[in-house]
Each structure stands twice: as structure tokens, then as C-alpha cells.
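> For reference, the sequence and a predicted model appear below.
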Amino acid sequence: MGATDPAGPVMDRDEVDRALARLGAEHEAIETSLLALQDHAGRRLLEGAELTGLTKERWASAEASITVLWTYFEAYAGALRRAREIRSRRRWSSREDLVELTELLRGEAVTVAGAATAGAPGPQGGAGRLSERFTLTALVDRMNELYAAGLDPVVAADAVWSALPARIDLLAAELRRTRRLAHSVGVRPGEHPAGDDLERITRTLTGLREEVVSDPLAYWVAAQGSSAPGGGRPDTAVYDREARALEEVRREIDAVLSVRQDAEQRLIRLRDVLSRADRTLAEARTARGEVLAKIAATEVPVVSGPPTVLQEQLATAAEFRRQAQWHRLSPLLESLEEKAEDELLRARESLTAVTAPLAVRAELRGRLDAYRAKVARHGLAEDPLLIERYDAARRMLWSAPCDLRVAEQAVLRYQRTAADVLDAPRVPEQGGPEDRRGES
């Protein structure tokens, strides 16, 4: 038993039996994996598809790996079969049998013709060798490498085909519904940006589906640091981008639909706001004439007329509604609503500016009467100086045209005179009750 050979020390019967059991289990596992790969749905799809690009290149390499893998497996199975035959010759194997088994189980006893491995990837594949020799363990390692190389594109392609085409088809169906709805509200290519977006999304999805079907591995992202076959995920970046774009178009069309539903009410509100603005400007023009007639030496701002462009745009909006051009009506209504509110605010500010002198006159009148009432409560209404200054201020404020600056000075003089009179000490009259009390 101490003799040695290139395969190492001669194995005993127990070592041979354990090695055969292990190699037999490996043979069954490899055969099961190969049959599963043979029947894999992804492989059948790859074999039947018109492939292009990266997938075509990788599948050609994977097919070569699978072909060589079967060749290696047959050589492995043959070697295992020969070893089992030698072991089964007699119950207690002779030394010659054990030497032969040791060489077969541990040595480079498996020969594979070089032509059979010419297309295999990796360092051992090549057309320059007439044959290759392997140990059974090395052959198992080599088969595992080839199996991973053949399985990886199959699993990746199957994952992409399982994920993307169905999702693209669902999105395309939603796109068709959106296009019909868009057409019904006048959103068409060349007439509305959303219509152009729908055309672009349609072209992109059509091209994406064709590329995914013919070159699925172009849409596969391998997992970083993973060596497992099929480690990674489908690349859905283009699909996700177009799905978001379609959602934005749907929101735009929903906005157009809402315009169709409440367009009449919005047009009525617009007409009402513009009418109120016109009435306010008319009131401001009338007030300006009154101010010019009643107030002297005052700068009164000019009141402009209503802008005709808004009325023209309102008429255009009504025409868009009549012709069901909702995609054009929507932005026009939004613009008009903002401009109409601005116009009403401008009209109110104009009225306020024009009537400011009348407001000042009213405030001066109120102040004058308030001080006169205060003087009357203190019993000084008949004071000659107060009467004189009140009458002077009143004539100025109640005459036309009224000079506000002069009238304000007159009111101030009356206020100061009233304050002086109210603050002056009261002197009792001669012969009053006080005198009589003193006499008594």
C-alpha cells in the first residue's frame, strides 16, 4: 500500500467507495441542473427569438458553453461508469484494481477532444489543442463554470422578458386610452404640447418593446459584487420615465376636461367681473366730473376706459367653447381670469383716487360739525367769535368749487378758537346767586 503513482497513494476500498458515492451524487446534481437548463423557458425563448446586439453575442457564447458542458458531462459520466465497472468486478478489489481506480478517480484520467472544447470560453477552451486531460474534480469545477456562464444570460433574459414587455403593453394600452380621450378634447399633435408628448411616448414605447424583445440583456443591470448566475435586475429607467411623462399628460388632459365641464360658469363669472370693472370705471369718470366741478385747485387723475383687448379675448374664449376647442380654451380662461381680477382692482383703485378730494371734504365737514356739537354741549354755541369762524368755514366747505386747502385752514382756525374758549376760566356774572349769598 506504500507504493505511489502520479495520482498519489493508492486508495483503499473504503476510500474508493466514498469517492464513488460523492462523485455519483455530483453526477446526479449536474444532470438535474443540465436538464433544468435544457427545459428553461428563457432558453427556449432565446433559441426562438431574432436576437440582436449584446444578447446575440452573449447567447452565442452561452450556447457554446452549454454544448461543451454536455461534452464534459458525457466524459465525466463515462469515467464514473468505468470506475463503477472496475469496482464491481469483485467484492474485495485487488491491488491492481485499486491502482487503476486511484488513477481514474484522482488522476488526470478523463480525456476530452480539443475540437469538442474549441468554442468554450475561458482559459481551457481553444482550437489549438488536440485534446485536454482532467481529473474528475477539476472537470466538475470546469462544468460548474460553464454552467454559470450558460445560465446567467438565460436567467437574465427571462427576467427582462417576464418584467418589461407585459408592463410596456399595459402602459401602451393606457396610452391608447389617453390618446382617444385627448383627441376628444382637441389635444392633437401639432396643436397642443400634450399631443406632441403623446406622439413621442408612443414612438418611444414602440421602440422600447422591440429592443426589449430582440436584445433583453441590454436592459439588464447586473448586481454589483454578485457572482451568482442571473444576479441583478431589469433596467426599467426608460419605461419609468415614459410612465411619468404619460401621467403628466393625463393630468393635463384632466385639466382640459375640467374646463369642458365648467367652462360656461367660468365664462359667466368672467363677464360679471369685467362688467363690474366697467361700471366702476364709469362711476369713476362720473365722480371725476363731480370733483372737477366741486373741488378747486386739485389734481384729479384721468380715468381710462375699459381695455377692449379683454373683451376681444372673452369673445375668443366663447368661440373656443362653441367649437369645443377645450385645449385652447383652458389656458385662455386661466389668463383671462387673472387679467379680469387685475382690471377690477385697477378700476376700484381709480375710483378711490378720483374721489379722494370728496372724501377729504367730507372729513373736514364732519370735523367741523363735531367741534360745533362739542361747543354747544358746553353752552358756548352763541359765542360771537365761534359763530363767525364756523360760518366762514361752513361757507367754504358747502360752496362750489371748494378750495380744500383754504377750507382746511378755516376748520383749523375754528378748532383752535373752540379749544381756547373751552379752556378759558369761567367768570360769574354780576348779580348772580353768589352775590346774593354774600349779602345774606
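Received the coordinates, thanks.
> in this protein, which helix or strand is least confident?
Using mean pLDDT, DSSP states H and E, helix 433-439 stands out as the lowest-scoring helix or strand of the chain, at a mean of 40.
> give the contact list for residue 257.
By CB atoms under 8 Å, 6 or more residues apart in numbering, the contact set of residue 257 is 181, 185, 326. C-beta coordinates here come from the backbone N, C-alpha and C atoms, glycine included.
> make that residue 385, sorry
Taking CB under 8 Å, 6+ apart, we find residue 385 in contact with 417, 421.
> Quick check, pLDDT for it.
In this model, residue 385 is scored at 85, pLDDT.
> Give me the residue ranges of the protein where confidence is low.
Counting by pLDDT under 70, the chain has low-confidence residues at 1-8, 114-130, 225-228, 297-298, 424-440.
> What segments of the stretch 151-300 of the chain are helices?
With DSSP state H, counting those that start in this stretch as the criterion, the stretch 151-300 of the chain has helices at 193-214, 237-294.
> Which single one of the contacts of residue 257 is nearest to residue 236?
Lowest distance from residue 236 to the contacts of residue 257 (CB to CB) belongs to residue 181, with 25.5 Å.
> what number of residues lie near that closest one?
15 (other CB atoms under 10 Å).
> Over to the one 10 residues further on?
Other residues lying near residue 191 total 13 when counted by other CB under 10 Å.
> I figured it was touching residue 198, is that so?
No - contact criterion CB atoms under 8 Å: residue 191 and residue 198 do not qualify, at 11.7 Å.
> mind checking the SS state of residue 111?
Under DSSP: H, G, I helix; E, B strand; the rest coil, residue 111 falls in the strand class.
> Compute the distance between it and residue 375, please.
Counting by CB to CB, to the nearest Å, the gap from residue 111 to residue 375 is 135 Å.
> Please apply the same query to residue 319.
67 Å.
> quick one, which of the two is more surrounded?
Comparing residue 319 with residue 375 by other CB under 10 Å, the one with more neighbours is residue 375, at 22 against 12.
> Chain neighbours aside, what residue packs nearest to the more buried one?
Nearest non-adjacent residue to residue 375, counting by CB to CB, 6 or more residues apart in numbering: residue 418, 5.2 Å away.
> Could you count how many residues lie near that neighbour?
Residue 418: 21 neighbours (other CB under 10 Å).
> Check which helices and strands the helix or strand containing it sits against.
Assigned by DSSP states H and E, residue 418 falls within helix 404-423. Applying 3 or more CB pairs under 8 Å, 6 or more residues apart in numbering; DSSP states H and E, we find helix 404-423 packed against helix 356-377, helix 384-397.
> Now those helices in TSV, please, with extra columns for distance to residue 50.
Below are these laid out as TSV (distance: least, CB to CB, whole Å):
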stretch	distance to residue 50
helix 356-377	83
helix 384-397	99
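> Wait, a helix at residue 301?
No - looking at residue 301 with three-state DSSP, it is coil, so not inside a helix.
> which element is the spatially closest residue to it that is not a sequence neighbour on?
Spatial nearest neighbour of residue 301, chain neighbours left out: residue 353 (5.1 Å); criterion: CB to CB, 6+ apart. Secondary structure from DSSP H and E places residue 353 in helix 326-354.
> Determine how far that helix lies from the middle of the whole chain.
31 Å (CA atoms, centre = their mean, to the nearest Å).
> do you know how far residue 223 is from residue 93?
49 Å.
> Over to residue 232?
49 Å.
> quick one, which of those two is more surrounded?
Using other CB under 10 Å, the more surrounded residue of residue 232 and residue 93 is residue 93, with 20 against 17.
> Any idea how far stretch 217-224 is from the middle of the chain?
The chain centroid and the centroid of stretch 217-224 are separated by 25 Å under CA atoms, centre = their mean.
> again, but for stretch 276-290
That offset, for stretch 276-290, works out to 48 Å (CA atoms, centre = their mean).
> Give the buried residues for it.
Residues 277, 278, 280, 281, 283, 284, 285, 287, 288 are the ones in stretch 276-290 that count as buried (16 or more other CB atoms under 10 Å).
> for the helix or strand containing residue 133, packing partners?
Element membership for residue 133, per DSSP H and E: strand 131-134. Counting contacts by 3+ CB pairs under 8 Å, 6+ apart, strand 131-134 is packed against strand 110-113.
> Surely residue 317 touches residue 334?
No - with contacts counted by CB under 8 Å, residue 317 stays clear of residue 334, the gap being 10.5 Å.
> circling back to that earlier point, export the buried residues of stretch 276-290 to JSON lines and tack on distance to residue 299?
Formatted as JSON lines, these follow (distance: CB to CB, whole Å):
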{"residue": "277", "distance to residue 299": "24"}
{"residue": "278", "distance to residue 299": "25"}
{"residue": "280", "distance to residue 299": "21"}
{"residue": "281", "distance to residue 299": "19"}
{"residue": "283", "distance to residue 299": "20"}
{"residue": "284", "distance to residue 299": "15"}
{"residue": "285", "distance to residue 299": "16"}
{"residue": "287", "distance to residue 299": "15"}
{"residue": "288", "distance to residue 299": "11"}
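> closest to residue 394 among those?
Looking across the buried residues of stretch 276-290 and measuring by CB to CB, the closest to residue 394 is residue 287, at 23.4 Å.
> what's the distance between the closest one and residue 352?
According to CB to CB, residue 287 stands 10 Å off from residue 352.
> Then residue 140?
In terms of CB to CB, residue 140 sits 96 Å off from residue 352.
> what about those two, which has more around it?
Each of residue 140 and residue 352 has its neighbours counted (other CB under 10 Å); residue 140 has more, 20 against 13.
> Might you report the residue contacts of the more buried one?
Residues counted as contacts of residue 140 (CB under 8 Å, 6+ apart) are 26, 30, 76.
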